[in-house]
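Participant: Below is the sequence, then the predicted model.
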Amino acid sequence: MAAGDRSASEGLTPDELMEVLVRAGIVVVLVVLSFRIFSPFMSVLLWGAILAVALYPLHLRFVGWTGGRQGLAASLLVAIGLILIGGPVILLGGMFADHIQGAYQAFTSDSVTIQPPSPSVADWPLIGERVYAAWSSAAADLPAFIETLQPQIGKLAAQALAMATSTMGAVLVFLAALIISGIMMAYGSSGSTAVERIMSRLAGVENGPRLHRLTTATIRSVAIGVVGVAFIQAILLGLGFVFAGIPMAGILAMIVLLLGILQLPALLVSLPAVVYLWWAGDGSTVMNVICTVYLLVAGMADNVLKPLLLGRGVDVPMPVILIGALGGMVSSGIVGLFIGAVILAVGYQLFMDWVDRAVPAPLAPGEDNPAP
């Protein structure tokens, strides 16, 4: 009896079974060690891969402009991205620090004065009387009013500091990922071929290229839905800030753009702008109401724009992309926005392929059922 026939009928010998277990154990150890080595860089490398896929069509245009030089095109694209994103971040950080220092000095020198509220504030529904009382108390004696709010101010300051630290950390990771994406784009052709080979090995020769195209299209669709919505929202709120007479409207619009890219709500900017409009603005009540409604609607416009832009150009229903993006963001942050959409889109395609193989295609008119 041949060895193959013996193994099939009698099973593995103890020595052969031990050899299989040892090999499997070595593979598991290598996988675990590789993951532990890779895990500290997982976030930034995933971001780099996402940015490389999203920016690759633009990179190809730069390649054409630079005479086919992949490295130069990637370097130029990364340099432009660092200037457009890193420059405003450094500028905003310096201005924010200056404003904080100026506000602290103003409060310590008792040079801050607050205008008394208009009697019409007390007529606001639900909160009018409390807002009027607090505003009047602050206008009459600001240091005493701040003293009464010390516990709440301390908590808010701690939360604001934590949010600012997290935001700056996310921005730095984004800038590092942009540099890594440039390296990936410089080797984009060979990298894309390698990924397609891996997917073909995992999902089969027929499904591998299709899943590779689906993954690429999904990442680019989500990127357009994120960056595109952030850009539109920054323009809408920037125009609103200018129309309402809010100081530093351009800088506030840039902050809205950065918050949109980081998937933070634009209401973090529009709500303080509304407060400033009613506190220090010199417009009429009707004009303030119009500007308030506009700023609030523009600050929440992403809730409408994202479902419209997500999923465009992808052969998957938009609700699947939207649910995957939102679910991934809830579980894994902004990187999960892309990973969740890709996983759910690929899972949906694989599931529908399985369904289509199990269910026969509908018969054409006049066609008879095949013989059993």
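Facilitator: Arrived safely.

Participant: C-alpha from now on. contacts and neighbour counts both.
Facilitator: Noted.

Participant: ok, residue 299 touching residue 267?
Facilitator: Yes: using CA atoms under 8 Å, residue 299 is in contact with residue 267, at 5.1 Å.

Participant: which stretches of the stretch 151-300 of the chain have low pLDDT?
Facilitator: When residues are selected by pLDDT under 70, those of the stretch 151-300 of the chain lie in 151-154, 156-158, 160-168, 262, 281-283.

Participant: all helices for it, in order.
Facilitator: 188-203, 207-223, 229-244, 249-261, 267-280, 285-299 (DSSP state H, counting those that start in this stretch).

Participant: ok, back up a step: compare neighbour counts for residue 299 and residue 267 and give me the winner.
Facilitator: Looking at residue 299 and residue 267 with other CA atoms under 10 Å, you find the greater number of neighbours at residue 299, namely 22 against 18.

Participant: list the contacts for the more buried one?
Facilitator: Residues in contact with residue 299 (CA atoms under 8 Å, 6 or more residues apart in numbering) are 233, 237, 265-267, 270.

Participant: so which of those residues is the most crowded?
Facilitator: Neighbour counts for the contacts of residue 299 were taken using other CA under 10 Å; the highest belongs to residue 237, which has 28 neighbours.

Participant: Any idea how far the host helix or strand of residue 131 is from the middle of the chain?
Facilitator: With elements delineated by DSSP states H and E, residue 131 resides in helix 128-140, which encompasses its position. The gap between the average C-alpha position of helix 128-140 and the chain average comes to 39 Å, counting by CA atoms, centre = their mean, to the nearest Å.

Participant: what do you get for stretch 272-287?
Facilitator: Here stretch 272-287 is found 31 Å from its chain centre; the criterion is CA atoms, centre = their mean.

Participant: what about dumping the CA coordinates of it to PDB?
Facilitator: Output for stretch 272-287, consisting of C-alpha atoms alone and laid out as PDB, is shown next (Å, rounded to 0.1, in the frame of the first residue of the first chain):
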ATOM      1  CA  PRO A 272     -19.200  79.100  20.300                       C
ATOM      2  CA  ALA A 273     -19.700  81.400  17.300                       C
ATOM      3  CA  VAL A 274     -23.400  81.600  18.000                       C
ATOM      4  CA  VAL A 275     -22.700  82.400  21.600                       C
ATOM      5  CA  TYR A 276     -20.300  85.200  20.600                       C
ATOM      6  CA  LEU A 277     -22.900  86.500  18.100                       C
ATOM      7  CA  TRP A 278     -25.500  87.000  20.800                       C
ATOM      8  CA  TRP A 279     -23.000  88.100  23.400                       C
ATOM      9  CA  ALA A 280     -20.800  90.600  21.500                       C
ATOM     10  CA  GLY A 281     -22.500  91.000  18.100                       C
ATOM     11  CA  ASP A 282     -24.000  94.400  17.200                       C
ATOM     12  CA  GLY A 283     -26.600  93.100  14.700                       C
ATOM     13  CA  SER A 284     -30.400  93.200  15.200                       C
ATOM     14  CA  THR A 285     -32.300  90.400  16.800                       C
ATOM     15  CA  VAL A 286     -33.800  89.300  13.400                       C
ATOM     16  CA  MET A 287     -30.300  89.200  11.900                       C
END
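
Participant: For that stretch, buried residues please.
Facilitator: Neighbour-count burial for stretch 272-287 flags 273-274, 277-278 (criterion: 16 or more other CA atoms under 10 Å).

Participant: And the contacts of it?
Facilitator: With CA under 8 Å, 6+ apart as the test, stretch 272-287 has contacts from 115, 241, 244-246, 288, 291-292, 295.

Participant: And those residues, which is closest to residue 176?
Facilitator: Of all the contacts of stretch 272-287, residue 241 has the smallest distance to residue 176: 31.6 Å, by CA to CA.

Participant: What about the closest one, how many residues nearby?
Facilitator: That count, for residue 241 with other CA under 10 Å as the rule, works out to 24.

Participant: Report whether the expected contact of it with residue 256 is present.
Facilitator: No: if you go by CA under 8 Å, residue 241 and residue 256 don't touch, sitting 11.4 Å apart.

Participant: Would you agree residue 45 is in contact with residue 180?
Facilitator: Yes: here residue 45 reaches residue 180: they are 7.2 Å apart, a contact under CA under 8 Å.

Participant: so where's the stretch 1-150 of the chain uncertain?
Facilitator: Within the stretch 1-150 of the chain, the stretches with pLDDT under 70 are 1-11, 88-113, 141-150.

Participant: Of the helices of the stretch 151-300 of the chain, which is nearest residue 348?
Facilitator: That would be, of the helices of the stretch 151-300 of the chain and by CA to CA, helix 207-223, which comes in at 11.0 Å.

Participant: Dump the C-alpha coordinates for the closest one into CSV.
Facilitator: Included here for helix 207-223 are C-alpha records, laid out as CSV according to Å, rounded to 0.1, in the frame of the first residue of the first chain:
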residue,chain,number,x,y,z
ASN,A,207,-12.7,36.8,-6.8
GLY,A,208,-9.3,38.2,-5.9
PRO,A,209,-9.0,41.0,-8.6
ARG,A,210,-12.7,41.9,-8.1
LEU,A,211,-12.3,42.2,-4.3
HIS,A,212,-9.1,44.2,-4.8
ARG,A,213,-11.0,46.7,-7.0
LEU,A,214,-13.9,46.8,-4.5
THR,A,215,-11.5,47.6,-1.6
THR,A,216,-9.8,50.3,-3.5
ALA,A,217,-13.1,51.9,-4.7
THR,A,218,-14.5,51.7,-1.1
ILE,A,219,-11.5,53.5,0.4
ARG,A,220,-11.7,56.2,-2.2
SER,A,221,-15.4,56.6,-1.8
VAL,A,222,-15.1,57.0,2.0
ALA,A,223,-12.2,59.4,1.6
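
Participant: With that, I have no additional questions.
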